[in-house]
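Trainee: Requesting a structural model of the entry that follows:
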Amino acid sequence: MKVKTSITLSEDLLKEIDEYAGESKNRSEFIEEAVRAFIIRLIQREQDARDLELINRHADSLNREAADVLTYQVDL
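Mentor: You can find the predicted model right below:
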């Protein structure tokens with residue numbers, strides 16, 4: 001369901017929206033897609049930060065395990 005709302009944008013941004021939206025999309029569709037894309041990027045950044053924190057928290061253990069595994073390699 002769509003809900004009507006009102007936002008205030010600068011004139012230059014509105015001109016750019018009109019330019020990039022072209023005739024294929026109206027302003028609302030363009031802004032909705034842009035906001036969705038931005039939110040997806042924010043979510044991905046949060047996930048990346050959590051993953052990095054987890055890797056860093058276990059880095060010593062992971063590095064020891066990797067070093068151990070490398071000792072099992074056979075010279076070719």
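Trainee: rest of the way, CA atoms for contacts and neighbours
Mentor: Noted.
Trainee: biggest helix in the protein, by residue count?
Mentor: helix 27-57 (DSSP state H).
Trainee: in that one, what counts as buried?
Mentor: Phe30 (16 or more other CA atoms under 10 Å).
Trainee: Quick check: which helices or strands does that helix pack against?
Mentor: When contacts are defined as 3 or more CA pairs under 8 Å, 6 or more residues apart in numbering; DSSP states H and E, helix 27-57 sits against helix 11-21.
Trainee: And the average pLDDT for the helix it packs on is what?
Mentor: The average of the pLDDT scores along helix 11-21 is 95.
Trainee: What separation do you get for Leu9 and Ile17?
Mentor: Look at Leu9 and Ile17: by CA to CA, to the nearest Å, they are 10 Å apart.
Trainee: can you give me phi and psi for Lys25?
Mentor: Torsion angles at Lys25 (phi, psi; degrees, to the nearest 10) stand at phi -140, psi 150.
Trainee: Run a quick neighbour tally on it.
Mentor: 12 (other CA atoms under 10 Å).
Trainee: if we can go back for a sec, relative to helix 27-57, how tilted is the following helix or strand past the longest helix of the chain?
Mentor: Using DSSP states H and E, the helix or strand that follows helix 27-57 towards the C-terminus is helix 59-70. Counting by axes from the mean of the first three to the mean of the last three CA atoms, to 10 degrees, helix 59-70 lies at 70 degrees to helix 27-57.
Trainee: picking that back up, and Leu9 and Ile17? which has more neighbours close in?
Mentor: Ile17 (16 against 9).
Trainee: Quick check: chain neighbours aside, which residue is closest to the more buried one?
Mentor: Arg27 (6.8 Å; CA to CA, 6 or more residues apart in numbering).
Trainee: what's near enough to touch the one you found?
Mentor: 17-18, 21 (CA atoms under 8 Å, 6 or more residues apart in numbering).
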